[in-house]
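In: Got a predicted structure here, sequence first:
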Amino acid sequence: MERNREILSLAEKYRDYTARNLSEIVKIPSLSGEEGDVVSKIAEMCIEAGFDEVRIDGLGNLIGRVGFGPRVIAVDAHIDTVDTGDLSQWDFDPFCGEIRNGNVLGRGTVDQSGGAASMITAGKILKEIAYDSEFSVLFTFTVMEEDCDGLCWNYIIEKEGIRPEAVIITEPTNLGLYRGHRGRMEIECYFSGLSCHGSAPERGDNAIYKASRAALQIEKLNERLCVDDFLGKGTITATMIESQSPSLCAVADYAHFHLDRRLTWGETKESAISEIREAIGIEAKVEVPTYRKPSYRGTVFEMEKYFPTWKIPEDNEYMRAGVDCYKGLYGDNPYIDKWTFSTNGIAICGKHGIPCIGFGPGNEIYAHAPNEAVPIDHLVRASAFYALYPITIKGE
C-alpha cells in the first residue's frame, strides 16, 4: 500500500507535467503516414524522463523501455490522428493544445495522445521509484493505426521480434477496464454491366441496378447477423458507392461499393465473405483490400484489411492484475466493458494471441469528434495505473 500511495502522489505531483506534454504533442499535426515530427518530440520527452532505452523501429514506431527484467509487458498508444473535419464545428483551434478548465483541448487528446502523455509520466515515475522488477516495460508509441489498425503491432511482432506477455492498450475507456471489442474488415464489391445508349437502356445491362439491388440485400443481411453476449451484434453497412459509364447518356458498365463489416465473436473473414456472396445472389467480385501505404520512413508493410475479433476472460491473470491495480490505487472495482470501435488489439490479441487489457483517459464518444478534449484528472489516474501495473503483476 505504501508503494501505491507513492505512485499516486507522484502522478499528482506530475499533473502539470503530463498536461504540458500532451499540449505540446497536440500542437504537432500527425496524420497517418505523417507522424515523423511528433515521434521526434515524444522521443525527446522519453529521454528527458529518463527512459532506459528510446529507439525508432523500421516502420517508424517509437519504442521506449524502462527496466531490465527478462519478462516483457508493453503499454501502447498510437500517436497518429484523424483529420480535423469541418473547422466550423470546432469552438477552438484543433491544434491549440490549450489547457483550460481542467482539460487539455485539441485533436488527439482523447484518441489517443492522452494515453501517450500518461505513458511518458508513468515511465518517469518508474525511474523515480528506482523500479527494478522482473519485467521490462515497453512503452510503444505506434503509427498508422487510424489508417490500418494493428499494422504497427504486426510489424513489431513479426519484423522486430518483440512478443510481450501482455499489452495495456491506452485507447480511451473513460477509466474503465476493457477486455475486448468486435473485429472488422473492409470489403469491396465490384459489378460489371454492358453499356449502351441511354435512349434505349433495354439494350444494355446496368451495373448501377445490379449494385443497388445487392446493397439492399446487404441491408437485410445486417438484420440477421450473429450476437455475442459480451461483444454484441455483428454489423455490416455500405459506406461508399461509385459507378462509371462512357457518358451521362449511357448505361453504366461498372459499379462498386465499399462495405464496413464489424465481426462479433465466432465470425471470421471466410464466414463474412460467404454470407455476402449468398446475400448478393449474383455474380460479383468480392474481395478484401490490402493496405500498401508507405510509413513516414518510407517503409511499406502490406496488410490485408481484415482485423480479427478479440476478447479475454474476466478471470485472465492479466485482467485480474488490472482489477487489483485499479483497486490498489482507487479502492473501488473498475467498470469492466469493451470498446465500440477497433484498436491495435486486433493484431496483438486477435491475430497473435497476446492478452490485452484496455485502460485509457478520456471518453471514446469524443474520438474523431470536433471539440475533442480530455480531463487532466484522467491523465493523472492513467499515469498512476500504468506505473503500478508491472509491479502488481509480480505481486509486490
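Out: Happy to help now that I have it. Just so it is clear, the model here is predicted, and its values are computed rather than measured.

In: Tell me how far the closest residue to Lys285 other than its chain neighbours lies from Ser245.
Out: The spatial neighbour of Lys285 that comes closest, neighbours along the chain excluded (C-beta to C-beta, 6 or more residues apart in numbering), is Tyr190 at 4.0 Å. Placement of C-beta: from N, CA and C, glycine included. Separation of Tyr190 from Ser245 (C-beta to C-beta, to the nearest Å): 15 Å.

In: Looking at the two, which one has more neighbours?
Out: Neighbours were counted for Tyr190 and for Ser245 using other C-beta atoms under 10 Å; Ser245 has more, 20 against 14.

In: check contacts around the more buried one.
Out: Ser195, Val251, Ala252, Asp253, Tyr254 (C-beta atoms under 8 Å, 6 or more residues apart in numbering).

In: ok, the residue nearest to Lys285 to Ile346 distance?
Out: Per C-beta to C-beta, Tyr190 is found 26 Å from Ile346.

In: Next: Pro201.
Out: For Pro201, the distance to Ile346 equals 44 Å [C-beta to C-beta].

In: more crowded one of these two?
Out: Neighbour count, other C-beta under 10 Å: between Pro201 and Ile346, Ile346 has more, with 27 against 13.

In: Quick check: the more buried one touching Gly183?
Out: Yes - counting by C-beta atoms under 8 Å, Ile346 does reach Gly183; the two are 5.8 Å apart.

In: who touches both of these two?
Out: Here Ile346 and Gly183 have Phe307, Pro308, Thr309, Trp310 as joint contacts, going by C-beta under 8 Å, 6+ apart.

In: For the residues you listed, which entry has the maximal number of neighbours?
Out: Neighbour tally across those (other C-beta under 10 Å): the maximum, 29 neighbours, falls on Phe307.

In: quick one on the thing from earlier: just the contacts of Ser245: which are in strands?
Out: Here DSSP state E is the test, and those give Tyr254 as lying in strands.

In: now the contacts of Ser245 in JSON lines, with neighbour count and pLDDT?
Out: JSON lines is the format used below for the contacts of Ser245 (neighbours: other C-beta atoms under 10 Å; pLDDT from 0 to 100):
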{"residue": "Ser195", "neighbour count": "19", "pLDDT": "98"}
{"residue": "Val251", "neighbour count": "22", "pLDDT": "98"}
{"residue": "Ala252", "neighbour count": "23", "pLDDT": "98"}
{"residue": "Asp253", "neighbour count": "20", "pLDDT": "97"}
{"residue": "Tyr254", "neighbour count": "16", "pLDDT": "98"}
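
In: Pick the one among the contacts of Ser245 closest to Ser9.
Out: Nearest to Ser9 out of the contacts of Ser245 is Tyr254 (C-beta to C-beta; 64.5 Å).

In: List the beta-bridge partners for the closest one.
Out: Beta-bridge partners for Tyr254, by DSSP bridges, are Ser192, Gln244.

In: Could you pull up the residues touching it?
Out: By C-beta under 8 Å, 6+ apart, the residues touching Tyr254 are Tyr190, Phe191, Ser192, Gly193, Ala207, Ser243, Gln244, Ser245.

In: Please identify which pair of the residues you listed lies farthest apart.
Out: Using C-beta to C-beta, the contacts of Tyr254 reach their maximum pairwise distance at Tyr190 and Ser245, which is 14.9 Å.

In: buried sites along stretch 124-144?
Out: Using 16 or more other C-beta atoms under 10 Å as the test for burial, stretch 124-144 gives 124-128, 131, 133, 135-144.

In: cool, stretch 298-306 as well?
Out: Residues of stretch 298-306 classed as buried by neighbour count (16+ other C-beta under 10 Å): Phe301, Met303, Lys305, Tyr306.

In: Also stretch 26-34?
Out: By neighbour count on 16+ other C-beta under 10 Å, the buried set for stretch 26-34 is Val26, Ile28, Pro29, Ser30, Leu31, Ser32, Gly33, Glu34.

In: export stretch 48-64 as CSV, just CAs?
Out: C-alpha atoms of stretch 48-64 as CSV (Å, rounded to 0.1, in the frame of the first residue of the first chain):
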residue,chain,number,x,y,z
GLU,A,48,14.1,13.7,-20.6
ALA,A,49,12.0,11.4,-18.4
GLY,A,50,15.0,9.1,-18.0
PHE,A,51,13.8,6.0,-20.0
ASP,A,52,16.5,3.3,-20.2
GLU,A,53,16.2,3.0,-24.0
VAL,A,54,14.5,5.0,-26.7
ARG,A,55,14.5,3.9,-30.3
ILE,A,56,12.6,4.0,-33.5
ASP,A,57,11.9,0.8,-35.4
GLY,A,58,11.9,0.2,-39.2
LEU,A,59,8.3,1.2,-39.7
GLY,A,60,8.5,4.3,-37.5
ASN,A,61,7.1,3.2,-34.2
LEU,A,62,8.8,4.7,-31.2
ILE,A,63,9.7,2.2,-28.5
GLY,A,64,10.8,3.3,-25.1
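
In: Looking at that stretch now, give me its mean pLDDT.
Out: If you average the pLDDT over stretch 48-64, you get 98.

In: same thing with stretch 337-357?
Out: Looking at stretch 337-357 alone, the average pLDDT works out to 98.

In: Stretch 94-101 too?
Out: On average, the pLDDT along stretch 94-101 is 97.

In: SS state for the closest residue to Asn21 other than its chain neighbours?
Out: Nearest non-adjacent residue to Asn21, counting by C-beta to C-beta, 6+ apart: Ala117, 4.7 Å away. Three-state call for Ala117 (DSSP: H, G, I helix; E, B strand; the rest coil): helix.

In: Run through the residues that contact Ala117.
Out: Applying C-beta under 8 Å, 6+ apart to Ala117 gives the contacts Thr18, Ala19, Asn21, Leu22, Ile25, Leu379.

In: do that again at 7 Å, thanks
Out: Going by C-beta atoms under 7 Å, 6 or more residues apart in numbering, Ala117 touches Thr18, Asn21, Leu22, Ile25, Leu379.

In: gap between it and Thr18?
Out: 5 Å.

In: Then Asp253?
Out: As judged by C-beta to C-beta, Asp253 and Thr18 stand 57 Å apart.
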